[in-house]
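1. Need coordinates for the following:
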Amino acid sequence: MCMIGRKLFFLFIILFIIFLIPGSVADIGSDENFKIEKESGKYWAILAGVDHYVFLQNNNLKYSWDDTFDMKNMLINDCKIEPDHLVFLYDGQATKSGIQTAISTLRSRVGPSDTVIFYFTGHGDQAEDIPPYDEYDDLDEYLCPQDSLPTSYSNDIRDDEIQIWLEQLNVKNIVCIFDICYAGGMVKSASSNNNDEFIGSDYEKDIKNRNFVVLMASNDYEESFSYDSIQNSAFTYYIVEGFKSPTLDINHDYWISAEEVFSYAGFKTTEFTSSASNPQIFDGDTSNDVGIRFLGYPTTIPTTVPTTIPTTVPTTIPTTVPTTIPTTVPSTIPTTRTISPTPTPTSSNLKAEFVASPVSGSAPLRVQFKDTSQGNPSEWYWDINNDAFQDYSGSTIEHVYDKPGDYSIRLVVRNGQEMNSVEKINLIHVTDPEATKIQLYPGWNFISIPGTLEEGYNTAGYVFSGIESDQHSQFRYTALSSAWVRIQPTDILGPSDGIWIYSVNSNTIQLKLEDNPENGLKQVYPGWNAIGISGETPLPVKEALTNVRNQWSTVWGYDASSQKYEAAIINGGTGIHSDTQTMCPTKGYWVYMTGQGTL
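-> Residues are numbered from 1 along each chain as shown. Take a look at the predicted model:
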């Protein structure tokens, strides 16, 4: 071989080797382009979870808060979604209108290259298919928000509805995660051999569109399960675990995608539940995974290639499928709903509990919290202002509340794989250090005087002076005669009377209470009574109404800031209707009495 030939030969060999080395210049360029394409849009999320149902109290759940909270922390801490790009809806926020409003509000913020994640955990249900007739099994699937009704589906969100709401976002990718019973029916196709004249043979229904990826906790005839041992539903637990694991970058594109996480979470859920739940996936574009968590590119490029390549494949490929798949659907649709509560088959020795002191006082109020949990927890997560974010860790903490208000406290404790939580609603009450004030909002306000006013400062004309009422009168309600009574300027305002007052603008009423006020006695009668409570400290309802503990049945507060009634408090109730919920001074309340009594 001549010298020139040798040089050309060696040059060819060098170029050939360079071509084989992973991470070559050409490969790096394509990776960087992929990175730019993946990161060109922003990420947004709407997370909704329901534990306590207003009208389905016998079907309350245990771990929807934990599921939603864990999803939120994972998306922010691991997937690096901006906190102000994430909407967190729980219980009273996760109503049908609340979810629809959250999606609608997002429309003005998202762009065409963005990705939106929609997550819902709570009850799911099925009902007779309604137009458009698009269900292979003649059943529509529903999400059950917090205001779901026992005898009507009007407050539920049908599969067709949620798709319409989400499609209006006009974004590049939409990832839906449904941790509900019967979730698999959200993307089933209409039967091609259905003879109904209203159904086209090629009709695709529900959440089924090219830019959708839908992860579902169960098949369309199965339930989704929660477990005490993991303090989560199985599906959400493994979804979160999957996104936290860098090893799930199966295609080595430096992203963990929704599809890759499902390959893990689906298998693990089926295994954990002993095939009681078999998660499902719909991927509208199988040629392009939807990346959610970016892992970052490696800082070093390999310079060698593997010298051994596997030459064998597994020989034990399953050749059978389950033979017990339901082939019939119900022939009658029930008129009343019987939602099965999510089972929690295992138990835990870990039980979260804590004490706080003091629980009331004027701002700034320094409060010490001490863990008293059972089961020897090793990790503590404190949320001391009810914003669903962790504020402190440690078994004993201290916090200073600078602003007046009522604060709910949540403690989550862990010991290895075990987790438990406790939440105390409106436990901490912080008052204004100045004189007692009543805050008014635009519209109607339901207020009360929390004590005896000083002589000369106790008439309606004095107390309500400076309030622009747009010629509306102020009213009391007399239960004895079931009549509204217009308040005159010369009327004395006494303690414990519920008063309705209209204000055009936000305003503050300054009260001058006696140094040692006599709270007086208030008579209440069968039926609805308008009342308030005396003092400076909020009290649990059962304590505030202890004198009539056997005569009252329902208490109803009014939120003037939203011009809506609050959740009803029921004697002996649980959850958001529990009689351990608080009544606050200066607020007015309706109380329903079954007999006469004295407060």
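2. And the helices in the stretch 351-500 of the chain?
-> 460-463 (DSSP state H, counting those that start in this stretch).
3. contacting residues for the closest residue to residue 283 other than its chain neighbours?
-> Ranked by CB to CB, 6 or more residues apart in numbering and with sequence neighbours excluded, the top spatial neighbour of residue 283 is residue 213, at 5.3 Å. Heads up, the C-betas are built off the backbone N, CA and C, glycines and all. Residues near residue 213 by CB atoms under 8 Å, 6 or more residues apart in numbering: 173, 174, 175, 176, 258, 259, 281, 282, 283, 284, 290.
4. try it again with 10 Å
-> Remark: with contacts taken as CB atoms under 10 Å, 6 or more residues apart in numbering, residue 213 is in contact with 115, 117, 173-177, 207, 257-259, 262, 281-286, 288-290, 292.
5. I'd like to know which of the residues you listed are buried.
-> 115, 117, 173-177, 207, 257-259, 262, 281-284, 288-290, 292 (16 or more other CB atoms under 10 Å).
6. returning to what we had before: any idea which element the residue nearest to residue 283 lies in?
-> According to DSSP states H and E, residue 213 maps onto strand 212-216.
7. burial count for the closest residue to residue 357 other than its chain neighbours?
-> Using CB to CB, 6+ apart and skipping the chain neighbours, the partner closest in space to residue 357 is residue 368 (5.9 Å). Look at residue 368: counted by other CB atoms under 10 Å, it has 12 neighbours.
8. for residue 527, same thing?
-> By other CB under 10 Å, the residues close to residue 527 number 12.
9. Hmm, residue 479 and it touching each other?
-> Yes - contact criterion CB atoms under 10 Å: residue 527 and residue 479 qualify, at 5.5 Å.
10. Provide a list of residues in contact with residue 565.
-> Contacts of residue 565 by CB under 10 Å, 6+ apart are 446, 556, 557, 558, 559, 590.
11. what pairs with it across the strands?
-> Per DSSP bridges, the residues bridged to residue 565 are residue 558.
12. about what we covered before: check the contacts of residue 565 and tell me the two furthest apart.
-> Greatest spatial distance among the contacts of residue 565 (CB to CB): 559 and 590, at 13.2 Å.
13. so what's the residue lying closest to residue 545 once chain neighbours are set aside bridging to?
-> Excluding the flanking residues, the one nearest residue 545 by CB to CB, 6+ apart is residue 552, at 5.2 Å. Counting by DSSP bridges, residue 552 is bridged to residue 593.
14. what's near enough to touch residue 552?
-> Contacts of residue 552 by CB under 10 Å, 6+ apart are 524, 529, 531, 541-542, 544-545, 569-571, 579, 591-595, 597, 599.
15. Which members of those occur in helices, if any?
-> 541, 542, 544 (DSSP state H).
16. pLDDT below threshold where in the stretch 451-599 of the chain?
-> Scanning the stretch 451-599 of the chain with the threshold set as pLDDT under 70 gives 515-520.
17. Where do the strands of it begin and end?
-> Assignment of strands within the stretch 451-599 of the chain using DSSP state E, counting those that start in this stretch yields the ranges 475-478, 483-486, 498-503, 507-510, 523-524, 527-531, 539-540, 552-559, 564-565, 569-570, 582-583, 589-593, 597-598.
18. Got phi/psi on residue 285?
-> Main-chain dihedrals, residue 285, degrees, to the nearest 10: phi -140, psi 90.
19. meant to ask about residue 103
-> phi -70, psi -40.
20. and the residue nearest to it when sequence neighbours are not counted, what is it in contact with?
-> In space, not counting the residues next to it along the chain, residue 103 is nearest to residue 165; the distance is 4.8 Å by CB to CB, 6+ apart. By CB under 10 Å, 6+ apart, the residues touching residue 165 are 99, 100, 102, 103, 104, 106, 107, 118, 157.
21. looking at the protein, which helix or strand does the model trust least?
-> For the chain, counting by mean pLDDT, DSSP states H and E, helix 25-38 ranks last in confidence among helices and strands (a mean of 38).
22. Help me confirm that residue 69 is found in a strand?
-> No - in this structure, residue 69 is helix, not part of a strand, as judged by DSSP: H, G, I helix; E, B strand; the rest coil.
23. Quick one, grab the pLDDT at it.
-> Looking at residue 69, its pLDDT stands at 93.
24. try the one 5 residues further on
-> Listed pLDDT for residue 74 reads 95.
25. Determine the three-state secondary structure at it.
-> Classified using three-state DSSP, residue 74 is helix.
26. Who are the contact partners of it?
-> By CB under 10 Å, 6+ apart, the contact set of residue 74 is 81, 236, 239, 240, 241, 242, 243, 244, 292, 293.
27. shouldn't the last one be in contact with residue 246?
-> Yes - proximity of residue 293 to residue 246 meets the contact threshold set by CB under 10 Å, at 8.5 Å.
28. Name the residues contacting each of these two.
-> Counting by CB under 10 Å, 6+ apart, the contacts common to residue 293 and residue 246 are 78, 254, 256.
29. Select from those residues the one having the most neighbours.
-> That'd be residue 256 among the shared contacts of residue 293 and residue 246, by other CB under 10 Å, with 26 neighbours.
30. Tell me the strands beside the helix or strand it falls within, with direction?
-> Secondary structure from DSSP H and E places residue 256 in strand 255-257. Taking DSSP bridges as the criterion, strand 255-257 forms sheet pairs with strand 291-294 (antiparallel).
31. Need the contact partners of the partner strand.
-> Contacts for strand 291-294 (CB under 10 Å, 6+ apart): 34-35, 37-39, 43, 45, 74-75, 78-81, 115, 117, 173, 175, 213, 242-246, 248-249, 253-261.
32. again, 8 Å this time
-> 35, 38-39, 43, 78-80, 115, 117, 175, 243, 253-258, 261.
33. Now for the nearest residue to residue 486 once chain neighbours are set aside, how many residues are close by?
-> On the basis of CB to CB, 6+ apart, the spatially nearest residue to residue 486 that is not a chain neighbour turns out to be residue 473, at 4.8 Å. Residue neighbour count, defined by other CB under 10 Å, stands at 13 for residue 473.
34. Please apply the same query to the one 3 residues further on.
-> Residues contacting residue 476 under the criterion other CB under 10 Å number 18.
35. next one: residue 77
-> Neighbours around residue 77, by other CB under 10 Å: 11.
36. show me the residues around it that make contact.
-> Contacts of residue 77 by CB under 8 Å, 6+ apart: none found.
37. ditto for residue 264
-> 238, 241, 242, 245, 248.
38. Mind checking which of the contacts of residue 213 are in helices?
-> The members of these that map onto helices under DSSP H are 258, 259, 262.
39. For the stretch 251-400 of the chain, just list every one of the strands.
-> Applying DSSP E, counting those that start in this stretch to the stretch 251-400 of the chain gives strands spanning 255-257, 280-283, 291-294, 354-357, 360-362, 365-371, 379-383, 396-401.
40. got the ones you listed as TSV, with distance to residue 271 and mean pLDDT columns?
-> Shown next, in TSV, are those (distance: least, CB to CB, whole Å; pLDDT from 0 to 100):
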stretch	distance to residue 271	mean pLDDT
strand 255-257	20	92
strand 280-283	16	88
strand 291-294	23	91
strand 354-357	35	94
strand 360-362	49	74
strand 365-371	34	94
strand 379-383	26	88
strand 396-401	38	94
